[in-house]
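Q: Dropping the sequence and predicted coords here.
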Amino acid sequence: GDSVTQMEGPVTLSEEAFLTINCTYTATGYPSLFWYVQYPGEGLQLLLKATKADDKGSNKGFEATYRKETTSFHLEKGSVQVSDSAVYFCALQYSGGGADGLTFGKGTHLIIQP
Amino acid sequence: EPEVTQTPSHQVTQMGQEVILRCVPISNHLYFYWYRQILGQKVEFLVSFYNNEISEKSEIFDDQFSVERPDGSNFTLKIRSTKLEDSAMYFCASSVGRSLEQFFGPGTRLTVL
């Protein structure tokens, strides 16, 4: 079945460092890909998405490119802030009449130190 | 800004007891979902609900689970006879339409003793 694999955390970085959180997926079709973020005490929020190969999703300085050849959707940010500390989830979903549910990775806990 | 709310934030119950987890989806949304996350594991899809019936369910969603929209605002997940392995964080979500962005609540942590 479909699955999403993320790098294990926690990931600890200093403020202004470059961030990469790896995400790879296994899917039988052509899913949409997502990054969700969960801040302490809050629900999962959609951070960015990409719906087809070579699409780049971006939001709040974060970017991720849908790479079909490597089945990857790595999350990057050029300069992280303390406020970026959160848990980040990579996920996939089939659109256009496919399955309703999102398939998530385990989540990566990101800690940014001042 | 509209948001999905869930109550309670933490529920402790004895094995074999019934629990009901409550969610209030965003008011103009039509699709509703439940997910769970066992500690240290992935967030897993349980069930989706549309037009007062289950749209899709995973293999996790067995006969011990049921969902209901008892009125115009609440969406509930009932676990009939809880087991230790039901201990998890349960997330509710809603969306305007199928395959559109899902908005998540903060979760209910269920602890089964």
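A: All right, it came through fine.

Q: Just give the closest residue to A:D84, not the sequence neighbours.
A: What sits nearest to A:D84 in space, not counting adjacent residues and going by C-beta to C-beta, 6 or more residues apart in numbering or on different chains, is A:I112, at 5.4 Å. For the C-beta atoms, the positions are set from N, CA and C on the backbone; glycine is no exception.

Q: Pretty sure A:S79 is one of the things that neighbour touches, is it not?
A: No - judged on C-beta atoms under 8 Å, A:I112 makes no contact with A:S79 at a distance of 10.4 Å.

Q: higher neighbour count, those two?
A: Taking neighbours as other C-beta atoms under 10 Å in any protein chain shown, A:I112 and A:S79 compare with A:I112 leading, 19 against 11.

Q: picking that back up, mind listing the shared neighbours of A:I112 and A:S79?
A: Jointly contacting A:I112 and A:S79 under the rule C-beta atoms under 8 Å, 6 or more residues apart in numbering or on different chains are A:A17.

Q: Look at the residue nearest to A:D84 and report its pLDDT.
A: For A:I112, the pLDDT comes out at 97.

Q: count of neighbours near B:A93?
A: Counted with other C-beta under 10 Å, B:A93 comes out at 26.

Q: Would you verify that it is located in a strand?
A: Yes - under DSSP: H, G, I helix; E, B strand; the rest coil, B:A93 falls within a strand.

Q: ok, the residue in chain A that chain B sits nearest to to A:F73 distance?
A: The nearest approach of chain A to chain B comes at A:G101, 2.9 Å away (C-beta to the nearest C-beta). From A:G101 across to A:F73, the span is 18 Å (C-beta to C-beta, to the nearest Å).

Q: Compare these two (neighbour count), which wins?
A: Between A:G101 and A:F73, counting by other C-beta under 10 Å, A:F73 is the more crowded of the two (29 against 24).

Q: how about the nearest residue to that one, chain neighbours excluded?
A: A:L33 (4.3 Å).

Q: tell me the SS of that neighbour?
A: strand.
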